[in-house]
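Participant: fold the stuff below for me.
(chains A and B)
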Amino acid sequence: MDIETEMQIKVNLDLLLVIKKMSLTELSEKVGVTMANLSVLKRGKAKAIRFTTLLALCKALDCEPGDLLGLEPIAEE
Amino acid sequence: MNTLIILSLTILVYAGFIYWLFKRFKLKQIWLGPNQHKTTEIKSPLTLFVKRSLDFFMIFFFIISLTIPVITVVMAISQIDVPTWGVDISIFSGFALNLSEISGVEAFGVRNQEFSGKGLVSIDTSNLFAWYLFILASQISALVALYVTAQLRNMAFSLLLNTPFNHENPQRIKRIGTVIIAWNIVNPIFQYLGWGAVVNDISFNNEGIQLFPAFEINVIGLLIGLMMLLLSGLLNEAKLIKEDQELTI
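Facilitator: Numbering: from 1, shown residues only, chains lettered A, B, ... in the order given. Predicted structure coming up:
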């Protein structure tokens, strides 16, 4: 299977927020990223993530980068 | 009396046509520009100056393109009584003047008594074909200028709204480039064939004076058009980079 064409990066922010019982507003304040940008990340619309943002998110959610990011097949429209 | 009625009816029809133009092409919307609801702080006085200048040119070209048909009708009516319209038109022509062939005329400060070149020549003609050609050329020029001005104005709007790297600007530059290239290809052909036909109709009773069809390609114009197409590609890349930048968290 060709990963580049059929798979995409999935951001498990929703799941982690539920597990950590944290709201998006709270996370936004802790990480210093705007709600709009977190929303872009959550909806999977982001094109890239900075290491600093990833580190801050991992610290705030007390998780590993691998917990936050995963692979999923691209949904056919 | 009949003339008055016909004239009034014509004016009414023309007014109706202008109203239809306004509605069909959403001219009010074009004038107000895209995203007019956005309030923004104007940062660059230079951009504002450019935008105001483009406003002026847009009104100017719009009025010209609306006036030309009216002038045509008035001129055509006046032509019924007088064989000439009494106004000079500019035609593109080559010319050659050999003073040694013309008795009584001599030039000083030159080695040969010959002058030649090509350019715009003003003539008062009774040739109706020349008149209609001139009107058609003027109308097309005005419409092309209006179109290009409208595109440039929209780009000025996007600069004032701080959104220069939007997805429309590369398209606008591409359109301007295409129009410039098309213009610089069609215009020389038109000048040679159209004005050539007019020039061939003009004759002199002396061998020393000659007008002949001329062909001239505006290389700089063509290069500007090509540059615009390249610029459109560059702006498209810039737009993609900006999108990436915006979506990098």
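
Participant: where does the prediction get shaky in chain B?
Facilitator: Where chain B drops to pLDDT under 70, the residues are B:1, B:35-43, B:79, B:82-86.

Participant: output the longest helix belonging to it.
Facilitator: Using DSSP state H to define each element, chain B has its longest helix at helix B:45-79.

Participant: cool, chain A as well?
Facilitator: helix A:51-61.

Participant: list phi and psi for residue B:111.
Facilitator: phi -80, psi -50 (degrees, to the nearest 10).

Participant: how close does it sit to chain A?
Facilitator: Plainly put, residue B:111 is 71 Å away from chain A if you go by C-beta to the nearest C-beta, to the nearest Å. Just so you know, the C-beta spots here come from the backbone N, C-alpha and C atoms, and that holds for glycine as well.

Participant: check residue B:132 too.
Facilitator: For residue B:132, the distance to chain A - C-beta to the nearest C-beta - is 55 Å.

Participant: tell me the SS of residue B:122?
Facilitator: strand (DSSP: H, G, I helix; E, B strand; the rest coil).

Participant: burial count for the closest residue to it other than its chain neighbours?
Facilitator: Closest residue to residue B:122 apart from its sequence neighbours, by C-beta to C-beta, 6 or more residues apart in numbering or on different chains: residue B:88 at 4.3 Å. Using other C-beta atoms under 10 Å in any protein chain shown, residue B:88 is surrounded by 12 other residues.

Participant: correct me if wrong: residue B:88 contacts residue B:123.
Facilitator: Yes - Residue B:88 lies in contact with residue B:123 (C-beta atoms under 8 Å); the separation is 6.4 Å.

Participant: one step back: what is the longest helix of chain A packed up against?
Facilitator: Helix A:51-61 makes packing contacts with helix A:13-19, helix A:24-31, helix A:65-68 when contacts are defined by 3 or more C-beta pairs under 8 Å, 6 or more residues apart in numbering or on different chains; DSSP states H and E.

Participant: who is the residue nearest the centre of chain A paired with across the strands?
Facilitator: The residue lying closest to the centre of chain A (C-alpha atoms, centre = their mean) is residue A:11, at 3.5 Å. Note on residue A:11: beta-bridge partners residue A:69, judged by DSSP bridges.

Participant: returning to that earlier point: I'd like to know which of the helices and strands packed on helix A:51-61 is closest to residue B:44.
Facilitator: The closest of the helices and strands packed on helix A:51-61 to residue B:44 is helix A:24-31. By C-beta to C-beta, the value is 33.3 Å.

Participant: list the buried residues of the closest one.
Facilitator: Buried positions in helix A:24-31, judged by neighbour count with 16 or more other C-beta atoms under 10 Å in any protein chain shown: A:27-28, A:31.
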